[in-house]
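1. Structure of the sequence below:
(one chain, ligands or ions: 1)
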Amino acid sequence: MNAKQHDTKALQDLDKQHYMHPFTDSKAMHKKGTRIITGADGCYIYDSEGGKVLDGMAGLWCVAIGYGRHELADVAAQQMRELPYYNSFFGTAHPPVIKLAAQLKKLAPAHISHVFFTGSGSESNDTNVRLVRHYWQAKGQPKKRTIISRYNAYHGSTMAAMSLGGMKGMHDQGGIIDGIEHIMQPHWYHETLVGESEEDFGLRAAQALETKILEVGADHVGAFIGEPVQGAGAVIVPPASYWPEIQRICKKYDILLIADEVITGFGRTGNWFASETLGIEADLMTIAKGLSSGYMPIGGVLISDRVAKVVIEGGEFAHGYTYSGHPVAAAVASANLSIIEDEGLVEKVRDETGPYLQHRLLELLDHPLVGQVRGIGLMGALELVQDKASHTNYPKEVGIGGICRDYALANSLVMRAVGDSMIMCPPLIISKLEIDELMEKTKKSLDQTLAHVEG
Ligand code: PXG
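-> Modelled structure (predicted):
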């Protein structure tokens with residue numbers, strides 16, 4: 001598997017000439033040379049130079065069941081032979097999509113009754129914007145069209161999903177759509193006031209929603225959207241007081257609650273959905289990534305009975321994608337969910353590997369660079385700081401996250417840097433032994449980073 005069989009230089013040259021990469025500074029990448037990944041198995045990826053690298057990010061937060069599951073390849077091939085494509089527009093459907101919808105209904109919280117399929121998390125959040133506005137229109141309240149989100153949220157890259165997100169760098173490249181408002185994020189470590197408890201901070205961060213609703217006018221606000229735990233924003237786990245207060249405010253002002261579970265869904269936090277872990281009852285839930293473990297592009301929106309009833313009564317919902325409920329993607333997602341269920345991966349994260357990863361991460365608090373450890377289930381973050389007492393990061397020019405990420409890669413570990421936070425989100429199949437390897441490589445990379453900045 002890891003024997004060198006590829007001409008790296010030739011691939012890099014072609015890549016440079018023709019391939020425009022997502023979220024990439026092309027010039028900087030081509031100066032170094034693109035890393036070419038040629039194979040993968042379990043928790044490991046293989047590159048074109050024969051390197052074997054522990055994938056601490058499950059691809060891009062998605063490969064829940066690990067790489068190399070040939071069962072899914074067989075299911076895809078079989079479905080391609082039987083029915084490679086048909087749509088579910090204009091009164092049709094096919095067995096794989098019907099089966100997947102029913103499977104999701106069983107796994108989702110009890111108040112969820114329906115699912116709308118898309119090709120990705122971004123499309124799903126665009127669907128949410130259409131659904132929210134259609135819902136309130138159908139209920140005779142068309143002015144309730146504003147959606148409130150948080151700064152530093154990530155909800156995708158299409159126009160509406162990007163607007164819902166709170167990433168300034170994205171907003172600055174072309175602006176956002178109308179009817180979206182942002183409030184503070186629940187990032188205790190960086191946004192707490194002196195002497196404020198974590199619980200009080202959580203309440204204050206949630207009450208920013210009430211302030212915003214009153215500013216916009218409750219009769220103009222249709223929904224609030226949030227990731228139960230922010231992922232791309234740097235694994236920000238809100239204080240326990242946060243979500244109950246958000247839920248209370250949404251109920252009080254009759255505002256739909258959307259939980260974006262694209263990263264947190266399908267076992268990541270030790271339950272099928274983080275909404276269960278954190279006690280959220282959402283009207284709409286965004287799903288993607290772990291739904292198919294990334295083996296096929298598919299996403300969706302889980303729809304509560306309350307919303308589904310209004311949409312169904314409201315006539316045609318004029319929205320859909322060519323690949324909504326794609327039969328091959330649906331069949332693969334179904335098989336993936338069966339693997340998660342049959343292998344007890346959610347329980348394994350809840351009872352064994354989740355607590356173990358969190359315990360091992362907390363040990364790193366002793367490291368001079370680590371100011372805070374954040375995490376839940378099988379996702380974690382280490383906040384690298386210059387001064388622990390004042391929670392002060394290194395100056396931006398140092399680029400400490402990037403330095404640590406590069407050392408990790410040299411140590412054959414993929415760990416993402418979000419600013420000064422080192423992020424991990426390994427496949428759900430990771431063993432305790434592999435978590436030990438993950439921690440060893442992380443610790444070595446932190447030591448090298450410290451020597452680098454002190455040197
Ligand atoms: N919602 C959340 C919470 C996500 O994390 C999306 C929606 C969009 O999904 P699609 O399938 O359209 O990409 C995501 C995606 C990163 C990174 O840098 C994270 C994502 C995507 C790309 C990069 O951590 N998450």
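
2. Now for whichever residue of the stretch 1-150 of the chain sits closest to the ligand: which residues touch it?
-> In the stretch 1-150 of the chain, the residue that lies nearest the ligand is Gly121 (2.3 Å; Cβ to the nearest ligand atom). Placement of C-beta: from N, CA and C, glycine included. Going by Cβ atoms under 8 Å, 6 or more residues apart in numbering, Gly121 touches His155, Gly156, Ala161, Asp260, Val262, Thr286, Ile287, Ala288, Lys289, Gly299.

3. same thing but at 10 Å, please
-> With contacts taken as Cβ atoms under 10 Å, 6 or more residues apart in numbering, Gly121 has the following neighbours: 61-62, 154-158, 161, 260-263, 265, 286-289, 291, 297, 299-300.

4. In this protein, where's the longest helix?
-> helix 432-454 (DSSP state H).

5. That helix: which residues count as buried?
-> Buried residues in helix 432-454, counted by 16 or more other Cβ atoms under 10 Å: Glu434, Ile435, Glu437, Leu438, Met439, Lys441, Thr442, Ser445, Leu446, Gln448, Thr449, Leu450.

6. Out of those, which comes closest to Val370?
-> Closest approach to Val370 among the buried residues of helix 432-454 (Cβ to Cβ): Leu446, at 7.0 Å.

7. Show the pLDDT at that closest one.
-> For Leu446, the pLDDT comes out at 98.

8. try Met1
-> Reading off the model, Met1 has pLDDT 50.

9. do Gln5 as well
-> pLDDT, Gln5: 77.

10. What mean pLDDT does the strand or helix carrying His134 get?
-> Following DSSP states H and E, one finds His134 within helix 121-138. Helix 121-138 comes out with an average pLDDT of 98.

11. Neighbouring strands - and their directions - for the helix or strand that that helix is followed by?
-> The helix or strand immediately downstream of helix 121-138 is strand 146-150, counting by DSSP H and E. Partner strands for strand 146-150, per DSSP bridges, with pairing direction: strand 180-183 (parallel), strand 221-226 (parallel).

12. pLDDT averaged over the first one - what is it?
-> Throughout strand 180-183, pLDDT has a mean value of 98.

13. how far does whichever helix or strand comes after that strand sit from the chain's center?
-> As assigned by DSSP H and E, the chain's next helix or strand after strand 180-183 is helix 188-191. Centroid separation between helix 188-191 and its chain, computed with Cα atoms, centre = their mean, to the nearest Å, is 21 Å.

14. Not counting the helix or strand following helix 188-191 itself, show me its contacts.
-> From helix 188-191 onward toward the C-terminus, using DSSP H and E, the following helix or strand is helix 198-216. Here helix 198-216 makes contact (Cβ under 10 Å, 6+ apart) with 146, 148, 150, 179, 181-189, 191-193, 196-197, 218-221, 224, 226, 238-250, 252-253, 255.

15. Just the buried residues from these, in PyMOL please.
-> Per 16+ other Cβ under 10 Å, the buried members of these correspond to this PyMOL selection:
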select buried, resi 146+148+150+179+181+182+183+184+185+186+187+188+189+191+192+220+221+224+226+238+239+241+242+243+245+246+247+249+250+253+255
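
16. Which members of the contacts of helix 198-216 additionally contact the ligand?
-> Applying Cβ under 6 Å from any ligand atom to the contacts of helix 198-216, one finds that nothing falls near the ligand.

17. how about stretch 371-382, does it reach the ligand?
-> No - against the ligand, stretch 371-382 shows no contacts by Cβ under 6 Å from any ligand atom, the least distance being 11.0 Å.

18. and the closest residue to the ligand within the stretch 251-400 of the chain, what does it touch?
-> As assessed by Cβ to the nearest ligand atom, the ligand sits closest to Val262 within the stretch 251-400 of the chain, at 3.5 Å. Each residue near Val262 by Cβ under 10 Å, 6+ apart is listed here: 61-62, 120-122, 124-125, 154-156, 161, 227, 231-232, 285-291, 299.

19. which non-adjacent residue is nearest Asp436?
-> Arg360 (7.5 Å; Cβ to Cβ, 6 or more residues apart in numbering).

20. That neighbour reaches Gly380, doesn't it?
-> Yes - in terms of Cβ atoms under 10 Å, Arg360 counts as a neighbour of Gly380; the distance is 9.0 Å.

21. How much space separates the spatially most central residue of the chain from Tyr407?
-> The centre of the chain sits closest to Ile263, judged by Cα atoms, centre = their mean, with a distance of 2.7 Å. Distance of Ile263 to Tyr407, computed by Cβ to Cβ, to the nearest Å: 25 Å.

22. And for Ile423?
-> Counting by Cβ to Cβ, the separation of Ile423 from Tyr407 is 15 Å.

23. okay, the two: which has more neighbours?
-> Ile423 (25 against 21; other Cβ atoms under 10 Å).

24. per-residue confidence at that one?
-> In this model, Ile423 carries a pLDDT of 98.

25. I'd like the distance between it and Lys32.
-> Between Ile423 and Lys32 the computed distance is 21 Å (Cβ to Cβ).

26. which residues does Glu196 contact?
-> So Glu196 contacts Trp188, Gly202, Leu203, Arg204 (Cβ under 10 Å, 6+ apart).

27. Can you say which two of these are spatially most distant?
-> So, these by Cβ to Cβ: farthest apart are Trp188 and Leu203, at 11.6 Å.

28. what touches both of these two?
-> Common contact partners of Trp188 and Leu203 (Cβ under 10 Å, 6+ apart): Glu196, Ser197, Pro239, Tyr242.

29. any weak-confidence spans in this structure?
-> 1-4 (pLDDT under 70).

30. Would you mind naming what in it lies close to the ligand?
-> With Cβ under 6 Å from any ligand atom as the criterion, the chain meets the ligand at residues 60, 120-122, 125, 154-156, 227, 231-232, 260, 262-263, 286, 288, 299.

31. From these, list the buried ones, please.
-> Listed as buried from these are 120-122, 125, 154-156, 227, 231-232, 260, 262-263, 286, 288, 299; burial here means 16+ other Cβ under 10 Å.

32. Tell me the one of those nearest Gly68?
-> Ranked by distance to Gly68 (Cβ to Cβ), these are led by Ala288 at 21.3 Å.
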